[in-house]
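Trainee: predicted structure and sequence below. I'll ask about it afterward.
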Amino acid sequence: MVWLVLVGIGLLAGSIGALVGLGGGIIIVPSLLYLGTSTNIIDELTPQVAVGVSTLIMIFTGLSSTLSYLKHKVVDYKAGLIFFIGSAPGGIIGAYVNKNLNAEAFSLYFGIFMVFMAIVLVKNRLKPMLFKPGKGKIVKTYKTENGHSFPYGYHPLLAVLISFVVGFSSGLFGIGGGALMVPVMMLLFFFPPHMAVATSMFMVFLSSITNSITHISLGNVNWPYAFALIPGAWFGAKLGALINTRLKSASLENMLKIVLIIIGLRLIYQGITG
């Protein structure tokens, strides 16, 4: 019974995580905590262990979805590595600073911020400014299978600085970096929705490796539960990536907005109730 429930959670987390580029931790962590405190299905876990298990699972979610997106050529590996250079140290510093902050208050503020980002995640009028020639700027064009072209671009140094802030915020509030990085890539660098999600999952894969090493060294991983979650997360990620590639850009963007609003409202609720 326990294994079936955990496989199901892994499948759901992998599917949704790969579909919108969030990784799946936003589902795994609250699910484990709920099952441990409100049911007799699994033993009660500390928040640290729940996060540690989730981080380990996201290695497999990230790898599985990245391999699937690779077939459709929608992963910008160079951009993903550049963003990772900033987000990795930012996440570590943010997690450290988190220990000295009022978690409830910041969950409230961050939840409001997430809802705000969902609202503003629409076409803006800064695109013409972005693609003016500039020293050191990387400008690319993504072409869909239907022949539509989507130009996007970024300056490497600016990308590192922004991803550092994103990583810091993610570590500070204890939420996956994809929840912030996907809308940032779309709003500031004008990544097409499909490429933003796929590149985010590549980053999730990289960051989960580094973060898992820390959690494993601290003993924050319940291995039996992790092994039960991995199969569902692996195949769920493939399912999410498959659905993603069959959605239109507008549909994917709308789905991302809905997920961000749900996450934001959940954080607001946590901040209010403590």
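Mentor: Received the coordinates, thanks. Residues are numbered from 1 along each chain as shown.
Trainee: so where do the strands sit in the stretch 151-274 of the chain?
Mentor: Remark: no strands are assigned in the stretch 151-274 of the chain by DSSP state E, counting those that start in this stretch.
Trainee: where does the prediction get shaky in it?
Mentor: Applying pLDDT under 70 to the stretch 151-274 of the chain flags the ranges 170-177, 274.
Trainee: rerun that using 80 as the cut-off
Mentor: Applying pLDDT under 80 to the stretch 151-274 of the chain picks out residues 167, 169-180, 214, 249-250, 253, 260, 263, 266-267, 270-271, 273-274.
Trainee: all the helices of it, residue numbers only.
Mentor: Secondary structure of the stretch 151-274 of the chain, counting by DSSP state H, counting those that start in this stretch: helices at 156-173, 178-188, 193-217, 223-246, 249-273.
Trainee: for stretch 25-36, the averaged confidence score.
Mentor: What stretch 25-36 shows for mean pLDDT is 82.
Trainee: can you list contacts of it?
Mentor: 5, 9-10, 12-13, 16-17, 41-45, 47, 50-51, 53-55, 57-58, 175-176, 179, 225, 229, 263, 266 (C-beta atoms under 8 Å, 6 or more residues apart in numbering). In short, each C-beta sits where N, CA and C put it, glycine included.
Trainee: on that earlier part again, redo the helices of the stretch 151-274 of the chain as a markdown table? Include mean neighbour count.
Mentor: Listed next are the helices of the stretch 151-274 of the chain as a markdown table, based on neighbours: other C-beta atoms under 10 Å:
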| stretch | mean neighbour count |
| --- | --- |
| helix 156-173 | 20 |
| helix 178-188 | 25 |
| helix 193-217 | 23 |
| helix 223-246 | 21 |
| helix 249-273 | 17 |
